[in-house]
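**Q** how would this look folded up:
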Amino acid sequence: MSRKVTKAIFPVAGLGTRFLPATKSIPKEIMTLVDRPLIQYAIDEARAAGIEEFIFVTSRGKGALEDYFDHAHELEANLKRSGKNDLLDVLRATNMDSGAIAYVRQHKAMGLGHAVWCARRLVPDNEPVAVILTDDVIMGDPPCLQQMIEAHAETGGTMVATMEVPMEKTKSYGVLDVAEDMGAIVKARGLVEKPKDNPPSNLAVIGRYILAPTVLQNLNKLREGAGGEIQLTDAIADEILEGRDVFGLRFRGQRYDCGSKAGFLQATVAYGLERGDLRDEFLEYLHEIVSLQRAAE
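**A** Residues are numbered from 1 along each chain as shown. Got it, this is the predicted structure:
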């Protein structure tokens, strides 16, 4: 039986250059998807999965991200005086208890593996830890990380979220070499980061991980991988080489790559249509836009 996963690492040190000029003044992680920042979607997913401690790997210029989770006492008081209890509930849901969040700095961008390694002292050496990449917003019921933690309770080892992608797109992902396909869960015999050719499968790793304690120990090697960076996938691949189990979970849900502009727009449409207070008006507008485009062709 695997130990319970209660801690999660959020690597949020990136500069967000693909979203300039917006990210000149605000961290990408608090850009809003409909009316909630990206980081809130990740936090809500982690909370739903039973995560109790949140570790943020940040960098210079991320003060607004840290401030987001503070209690806004004056704003709360104003909402309370105005009787805006619905908005007060929304605001309070963003608050984090004192001591629930820890921040560590990544002073130099050296890859995802290095970002996770920066948090190593905050994770006991006998506990698994989750890693959530906020760029990957996943619409799922139950949420993706909850699905993974439930599966991990049975399998133990290290687990990654995975989905099938077209073969020509595998060069943009870590890709599983599958030893055993059990349906929702696959057992890996290898893991290749951004294969240039001959990918071992079309099962791509996306931004959710449950890491065995030994993965963090593997990262101590600080070995450069693809792109000259310290890759988390290399540390996970070392698990397999050393005879420990690595599994992939075909999660149930839709993933949106909000690290790209097109993915962010797609997610905005999907989450907008999920909202009962927005759906009808938004859908009518989308139909109008499509009709106008077709008429212009």
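**Q** Can I get stretch 31-48 in CSV? Just the C-alpha atoms.
**A** The C-alpha trace of stretch 31-48 is given here as CSV (Å, rounded to 0.1, in the frame of the first residue of the first chain):
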residue,chain,number,x,y,z
MET,A,31,-3.7,35.5,-15.9
THR,A,32,-7.5,34.9,-15.8
LEU,A,33,-9.3,32.0,-17.5
VAL,A,34,-12.9,33.3,-17.6
ASP,A,35,-12.8,34.9,-14.1
ARG,A,36,-10.3,32.8,-12.2
PRO,A,37,-6.5,32.8,-12.5
LEU,A,38,-4.7,29.7,-13.9
ILE,A,39,-3.2,29.0,-10.5
GLN,A,40,-6.6,28.8,-8.9
TYR,A,41,-7.6,25.9,-11.2
ALA,A,42,-4.5,24.1,-10.1
ILE,A,43,-5.1,24.7,-6.4
ASP,A,44,-8.7,23.7,-6.6
GLU,A,45,-7.7,20.4,-8.4
ALA,A,46,-5.1,19.8,-5.7
ARG,A,47,-7.5,20.4,-2.8
ALA,A,48,-10.1,18.1,-4.4
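**Q** Can you give the distance of that stretch from its chain's centre?
**A** 10 Å (Cα atoms, centre = their mean, to the nearest Å).
**Q** what's in contact with that stretch?
**A** By Cβ atoms under 8 Å, 6 or more residues apart in numbering, the residues outside stretch 31-48 that reach it are 8, 10, 12, 16, 19, 22-23, 28-30, 54, 65, 68, 94, 96, 130, 132, 134-135, 137-138, 142-146, 258, 264, 267-268, 271-272, 275, 278. For the C-beta atoms, the positions are set from N, CA and C on the backbone; glycine is no exception.
**Q** tell me which strands and helices the lengthiest helix in the chain is in contact with?
**A** Longest helix in the chain, counting residues (DSSP state H): helix 279-296. Packing contacts for helix 279-296, counted by 3 or more Cβ pairs under 8 Å, 6 or more residues apart in numbering; DSSP states H and E, involve helix 261-274.
**Q** Now do the longest helix of the chain against helix 261-274, angle only.
**A** Taking axes from the mean of the first three to the mean of the last three Cα atoms, to 10 degrees, one finds that helix 279-296 is oriented at 130 degrees with respect to helix 261-274.
**Q** what mean pLDDT does helix 279-296 have?
**A** The average pLDDT for helix 279-296 rounds to 91.
**Q** Check stretch 223-242 too.
**A** Mean pLDDT, stretch 223-242: 85.
**Q** Please consider this matter closed, and thank you.
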